[in-house]
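Asker: show me the folded form of this:
(chains A and B)
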Amino acid sequence: MTLTYALVVAAALFALGLGSFVGRRTMLGALLAFELMMASAILAVAAITTLSGAQSAQGQVVAVVLVGAATAAGVLVLGAYLASAAGDGTAEEGAPGS
Amino acid sequence: MSRVVGLAPEVALVLTAIMLFVMMPGGSRRAPLVVAVVGGIVALAAAVATLGVGDEFLYVAYRVDAFSQAVKAVVLAGMLVAAGVGGTATRPGPRAEELFFLVVAALGLAAAASLADTLALFLALEIASAAMMALAGLGIVAEGRRGWGRLVRTTLVPSALGALGLALLTGATGATRLTDVTAALAGDAAHPAALAGAALVLAGLLVRWGAAPFYAWCPWLMRDASPLVALFAGTAGWAGVGAVFVRLVLTFAPLGRPLALFLAAAAAVATLYGMLNIRPRREARCLLSYLSVVQAGLVLTALVAPGVRSAAAALVAILVVAAAQTTVMLMLAGTWAEGTERAPVDGNPTPRRPVAVSVPLVVGLLALAGLPPTAGFTARWHLLGAAWSEGWGWTASFGLAVSAALGVLVLVAVRAALARGGSGAMADPPTPARAAVIVAWVLAVLLFIFGLVPGPLDRGAEALARFVG
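Answerer: Okay, here's the model as predicted:
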């Protein structure tokens, strides 16, 4: 695999995530799309630092931090979504972003 | 010991956050408010006292200098106004949880002003925006949930854009420290991935700066947000993220013309988008929302030519806009506080305002429009002058045209704000809290004085701009 192919895949994943993010009406769907976009960023940094052969250690640090940031954001939004849904007794209609 | 003094504002904020965390969930509303206000005052005093301190921490990743301390002072002043005035304006007062997230958001923005590492900067902004997301969600009423959902969405989009940009930038330059990134960009021919990364980072930050504070909330959340949330987002949030944006633009300056073209396009999109959505006759808070988007675009017109002069102009504009927005919002937040949260502020019917409210409201609106004799005029003059002197005449002309149109729109809003109520107007016009009026008057007088005598403000901004890059 070359760097160009890896970056094209990452860009395609990001575009797919962004398209889904804009199109989704529910918070859960938007959250999944967000995780896809974050995964594309992690793929990009892993590819560009590994395949170009420079600063791979720094790339690993950035990748790990991005994994942590994506997880934290997901937990926060999911928690708020579930709290809101539990308060309403609804999962979709009353949920934020619906 | 002397080195630790530079971190005094952050230490004060961390201690305040810990105390608030211990207090929640608590029954008393007064004690957490006192803790937040006292902690904010101590942190603000520490930031002002350490304006002359210059030091570096964490292997040069955390820099304390005049620029960072000045930004912290503005952020903390916004936090204090939000907690002290916005918090006391609502009954029975904010909960410890709300104040905790307010302090954490301020801490994230304050840290971002000092951070000189792209990765740490990304994390600090994430912490600040997550805290804002939680803060806005805590106080929201049922009707505002749709707006909260939009706020979450516009918080996640810049996170994803920033993450991809950071990934490309780090991979292409092999650096995360701002000085190393600048050196790498200035060295060899910039890698296309570096340019794409810089553009994505700036685009994400621009969404946070111009859009996230207000636009996403309008009209739902903005209408239903507590004065505390709205005041913090509109003042401290706007100024803090704006200062970080200016620093990053100077960091990416070696990218040259491609960066300038990107910024010019972003300026055009932001100003046009904001202008097309301003509806001055219908809702004053909507006007403020979209005005903030236009202001971000106008600041960008100066930054197309990154340098000390444009950075100084941008800093003056950011400070003036934050002060003007605070002035206007304090008067509007005051009206929410008197049990008329859902009342149309500048719609129809409109209550007639007392002079004590009208004067700061009008001065704030004129400053936002960039009209004389307020500091908004000189700030706009410097912004457009910076672009013009660097050969970006068409950008400056576009900014001038937008400013003229903005002036007309805001004058219409001022007329609506001062109009007598119609037959359906409220019998008792809402009166802002006394503290809100006092702070608004102080800010209005400063906006007026610096409009007449802009020299000290300009010199201060130019001195700060030398520390930005």
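
Asker: so is stretch B:15-31 next to chain A?
Answerer: No. With C-beta under 8 Å from any C-beta of the partner chain as the criterion, chain A is not reached by stretch B:15-31; the gap is at least 14.2 Å. Glycine gets a C-beta too; all of them are placed from N, C-alpha and C.

Asker: so where do the strands sit in chain B?
Answerer: B:55-57, B:62-64 (DSSP state E).

Asker: could I get those strands as TSV with distance to chain A and mean pLDDT?
Answerer: TSV is the format used below for the strands of chain B (distance: least, C-beta to the nearest C-beta, whole Å; pLDDT from 0 to 100):
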stretch	distance to chain A	mean pLDDT
strand B:55-57	19	82
strand B:62-64	16	89
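
Asker: what comes up buried for stretch B:265-274?
Answerer: Buried residues in stretch B:265-274, counted by 16 or more other C-beta atoms under 10 Å in any protein chain shown: B:A266, B:A267, B:A268, B:A270, B:T271, B:Y273, B:G274.

Asker: of those residues, closest to A:T4?
Answerer: Ranked by distance to A:T4 (C-beta to C-beta), these are led by B:A266 at 27.2 Å.

Asker: now for chain B, the helix or strand with the poorest mean pLDDT.
Answerer: helix B:220-224 (a mean of 53; mean pLDDT, DSSP states H and E).

Asker: so where is the stretch 351-469 of chain B shaky, pLDDT-wise?
Answerer: B:351-353, B:416-431, B:469 (pLDDT under 70).

Asker: hmm, back to that, and the buried residues of stretch B:265-274 near chain A, which?
Answerer: Among these, no residue sits close to chain A (C-beta under 8 Å from any C-beta).

Asker: nearest to chain A among these?
Answerer: B:Y273 (16.0 Å; C-beta to the nearest C-beta).

Asker: any idea which helix is longest in chain A?
Answerer: helix A:56-88 (DSSP state H).

Asker: run the chain-centre distance for it.
Answerer: A distance of 8 Å separates the C-alpha centroid of helix A:56-88 from that of its chain, computed with C-alpha atoms, centre = their mean, to the nearest Å.

Asker: buried set for that helix?
Answerer: Applying 16+ other C-beta under 10 Å to helix A:56-88 flags A:58-59, A:62-63, A:65-66, A:69-70, A:73-74, A:76-77, A:80-81, A:84-85 as buried.

Asker: that one near chain B at all?
Answerer: Yes. For a cut-off given as C-beta under 8 Å from any C-beta, helix A:56-88 has contacts with chain B, namely A:58-59, A:61-63, A:65-66, A:69-70, A:72-73, A:76-77, A:80, A:84.

Asker: next, the buried residues of stretch B:457-469.
Answerer: Quick answer for stretch B:457-469 (16+ other C-beta under 10 Å): B:L457, B:D458, B:G460, B:A461, B:E462, B:L464, B:A465, B:F467, B:V468, B:G469.

Asker: so which of these are in helices?
Answerer: Per DSSP H, the buried residues of stretch B:457-469 map to helices at B:L457, B:D458, B:G460, B:A461, B:E462, B:L464, B:A465.

Asker: would you map the helices across the stretch 51-200 of chain B?
Answerer: B:66-80, B:87-89, B:96-114, B:118-138, B:145-173, B:178-186, B:192-206 (DSSP state H, counting those that start in this stretch).

Asker: residues of the stretch 51-200 of chain B that sit close to chain A?
Answerer: B:119, B:122-123, B:126, B:130, B:133-134, B:137, B:145-146, B:148-150, B:152-153, B:156-157, B:159-160, B:163-164, B:166-168, B:170-172, B:174-176, B:193.

Asker: what's the closest of the helices of the stretch 51-200 of chain B to A:R25?
Answerer: Among the helices of the stretch 51-200 of chain B, helix B:145-173 sits nearest to A:R25 (C-beta to C-beta), with 9.5 Å.

Asker: so the closest one versus helix B:118-138, what angle?
Answerer: With axes from the mean of the first three to the mean of the last three C-alpha atoms, to 10 degrees applied, the angle from helix B:145-173 to helix B:118-138 works out at 180 degrees.

Asker: widest-spaced pair of the residues of helix A:56-88 next to chain B?
Answerer: A:Q58 and A:S84 (39.0 Å).

Asker: kindly state the pLDDT recorded for residue 87?
Answerer: You didn't pick a chain, so chain A it is. At A:G87, the model reports a pLDDT of 58.

Asker: please refer instead to chain B.
Answerer: For B:G87, the pLDDT comes out at 72.

Asker: kindly report the same for the one 3 residues further on.
Answerer: Per-residue confidence (pLDDT) for B:T90: 66.

Asker: repeat for the one 5 residues further on
Answerer: The predicted structure scores B:R95 at 83 on the pLDDT scale.
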